[in-house]
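Asks: Predicted model, plus sequence, below.
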Amino acid sequence: ISRPGYRACCLASCRASSMGDADEDTAAKKKQKELQQRIRDRAERVKRQQERLEHLNTQLESLEDPQRHSIEQLRMEIDRVDKDLNGARRDRDTAHARLAECKELLDRKTEDKRAASDQLYTMLLDSEEGKQAKLEELERRFADLRKTAAT
């Protein structure tokens, strides 16, 4: 393509996309895989439901009219409950994913706290050792001064 500015636009776009973090790429790939899996799952579910509906329609046509009306009502009720059930499953899956994220965050924060506590303990220990060494030096000097004053 030989439109003016097209090549510069493409190069800028390529540079911008190549500067993205590896984490963003990984997260995007993970989301894409999850989306593809959900699409496959939904397609399978729809196929199974279609087959069930075809089977039920065949059976329904063979029944008498009074039974047909009752069965149609039950089917509508089953479809309504199925929709509610799918919504509840989706909510549960979202909650499980959120729980996993929260657990991971808690683990990271706990590790950060432990590392900070270790660092503080090390700093306090070093400070106390320095004070102890200084005290011993002062006591030695004081003893030397007493000896010198006594003689």
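Replies: Happy to help now that I have it.
Asks: what stretches of this protein score poorly on pLDDT?
Replies: Residues of the chain meeting the criterion pLDDT under 70: 1-22, 63-66, 68.
Asks: Find the residue at the geometric middle of it.
Replies: Computing the C-alpha centroid of the chain and ranking residues by C-alpha atoms, centre = their mean puts Glu101 first, at 4.0 Å.
Asks: From Glu111, how far off is that residue?
Replies: 16 Å (C-beta to C-beta, to the nearest Å). In short, each C-beta sits where N, CA and C put it, glycine included.
Asks: Check which helices and strands the one helix or strand the residue nearest to the centre of the chain maps to sits against.
Replies: Per DSSP states H and E: Glu101 is located in helix 65-150. Here helix 65-150 touches helix 22-62, going by 3 or more C-beta pairs under 8 Å, 6 or more residues apart in numbering; DSSP states H and E.
Asks: what packs against the helix it packs on?
Replies: Using 3+ C-beta pairs under 8 Å, 6+ apart: helix 22-62 touches helix 65-150.
Asks: angle of the helix it packs on against helix 22-62?
Replies: Angle, helix 65-150 to helix 22-62, by axes from the mean of the first three to the mean of the last three C-alpha atoms, to 10 degrees: 160 degrees.
Asks: how distant is helix 65-150 from the center of its chain?
Replies: How far helix 65-150 lies from its chain's middle: 14 Å, per C-alpha atoms, centre = their mean, to the nearest Å.
Asks: and what of stretch 61-81?
Replies: For stretch 61-81, the distance to the chain centre is 43 Å (C-alpha atoms, centre = their mean).
Asks: Also stretch 23-33?
Replies: Offset of stretch 23-33 from its chain centre (C-alpha atoms, centre = their mean): 12 Å.
Asks: what comes up buried for it?
Replies: For stretch 23-33, the neighbour count (16 or more other C-beta atoms under 10 Å) marks no residue as buried.
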